[in-house]
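J.: Sequence first, predicted model second:
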Amino acid sequence: MPGTVQSIERAAAVLRLLAAAPDGLGVADLGNALGLAKTTVHGILRTLHQVGFVEQDRSGAHYHLSDAFGRLGESYLDPNELRSRAINWADSLASRSGEVVRVGRLVEGKVEVVHHVFRPDDSDQDLDVGTTLPPHATALGKAVLAYDTSARPRTLEAYTTRTITDPVKLGEELATVRSRGWATEFEEHTVELGSIAAPIRGLGGLVVGAVGLTGRIERICDSRLRHRADLVTMVRATADAIARDLRDDT
């Protein structure tokens, strides 16, 4: 049993590293990062390749996550399970930030809102649960899309003059999301609104959704129009808390 657990942990570690490297990694890269012998890493990759989780590039020198593995996040976790684990944490985030909070997951190239917490004031607001958002134009979407590039929209529709419609620029934006671990939006979907979101990871580090807050630019950003660091910290801590609950119960 200990050997089996260790093998699973090592395979999960390999998948996490590949998820953060869209251009792929070689056996030596993975071995150095994990402190494992090349033969051990090669054995793990061979098994992951056999079950369809990883693929090799044409040269055979690098491995990357398969499209099939990327789509697992859409199906292996029931949306009601994600919502039930996120409710308390999302409610707390809305209360502390004073902003709208949403939890979403990637479904057929769109971000489906599975939980929505109203801004804690007396303003009129519509419930968004069940609605979909464009992944390239929202922080919630970019936080998930960054780890599943196979779901990137073929056509990048413009919703405002700030929407990213250039595939190259979107790729650069998603690389930034992966490197820092959180996503932003600045009037890209709706004028005068900004957002901050972070990915929610399930077993093996697989991104299964995201949580984010949305509000007016003057509240979300500081005087220099940078997304507020305290809100970023709140959002990331909320995503981590939801992830812990998911892993503890699976």
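T.: Noted; the coordinates are in hand. What you see is a predicted model, and the numbers here were worked out from it, not measured in a lab. Numbering: from 1, shown residues only.
J.: contacting residues for L65?
T.: 15, 18-19, 53-55 (Cβ atoms under 8 Å, 6 or more residues apart in numbering). For the C-beta atoms, the positions are set from N, CA and C on the backbone; glycine is no exception.
J.: G31 versus that one, what's the distance?
T.: 18 Å (Cβ to Cβ, to the nearest Å).
J.: right, and K142 touches T176 too?
T.: No - contact criterion Cβ atoms under 8 Å: K142 and T176 do not qualify, at 9.2 Å.
J.: more crowded one of these two?
T.: K142 (28 against 14; other Cβ atoms under 10 Å).
J.: show me what contacts that one?
T.: 135-136, 173-174, 177, 183-185, 197.
J.: Okay, and it sits in which element?
T.: helix 139-145 (DSSP states H and E).
J.: Would you tell me what the next helix or strand after that helix is?
T.: helix 167-180.
J.: where does the protein dip in pLDDT?
T.: The model of the chain has pLDDT under 70 over residues 1-5, 68, 70-78, 149-150, 203-204, 249-250.
J.: So which residues of it form helices?
T.: Ranges of helices in the chain, per DSSP state H, are 2-19, 27-34, 38-50, 67-70, 72-75, 79-97, 139-145, 167-180, 217-220, 229-248.
J.: helices or strands up against the last one?
T.: Helices and strands in packing contact with helix 229-248 are listed as helix 79-97, strand 193-201, strand 207-216; criterion 3 or more Cβ pairs under 8 Å, 6 or more residues apart in numbering; DSSP states H and E.
J.: and that helix with helix 79-97, angle?
T.: If you take axes from the mean of the first three to the mean of the last three Cα atoms, to 10 degrees, helix 229-248 sits at 150 degrees to helix 79-97.
J.: same question, the first one
T.: Angle of helix 2-19 versus helix 79-97, following the same axes, to 10 degrees, is 60 degrees.
J.: now swap in the second one and tell me
T.: Between helix 27-34 and helix 79-97, the angle formed by their directions is 50 degrees, by the same axes, to 10 degrees.
J.: Helix 27-34: how far from the chain's middle?
T.: Remark: helix 27-34 is offset 24 Å from the chain centroid, using Cα atoms, centre = their mean, to the nearest Å.
J.: Reformat the contacts of K142 as JSON lines; add distance to A90 and neighbour count.
T.: JSON lines is the format used below for those (distance: Cβ to Cβ, whole Å; neighbours: other Cβ atoms under 10 Å):
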{"residue": "P135", "distance to A90": "19", "neighbour count": "26"}
{"residue": "H136", "distance to A90": "23", "neighbour count": "27"}
{"residue": "E173", "distance to A90": "25", "neighbour count": "18"}
{"residue": "L174", "distance to A90": "24", "neighbour count": "23"}
{"residue": "V177", "distance to A90": "20", "neighbour count": "22"}
{"residue": "A183", "distance to A90": "17", "neighbour count": "28"}
{"residue": "T184", "distance to A90": "18", "neighbour count": "23"}
{"residue": "E185", "distance to A90": "18", "neighbour count": "26"}
{"residue": "A197", "distance to A90": "12", "neighbour count": "33"}
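J.: which one among the residues you listed gets closest to D222?
T.: Proximity of those to D222 (Cβ to Cβ) peaks at T184, which lies at 12.8 Å.
J.: Would you agree that closest one is in contact with A139?
T.: Yes - counting by Cβ under 8 Å, A139 is a contact partner of T184 at 5.3 Å.
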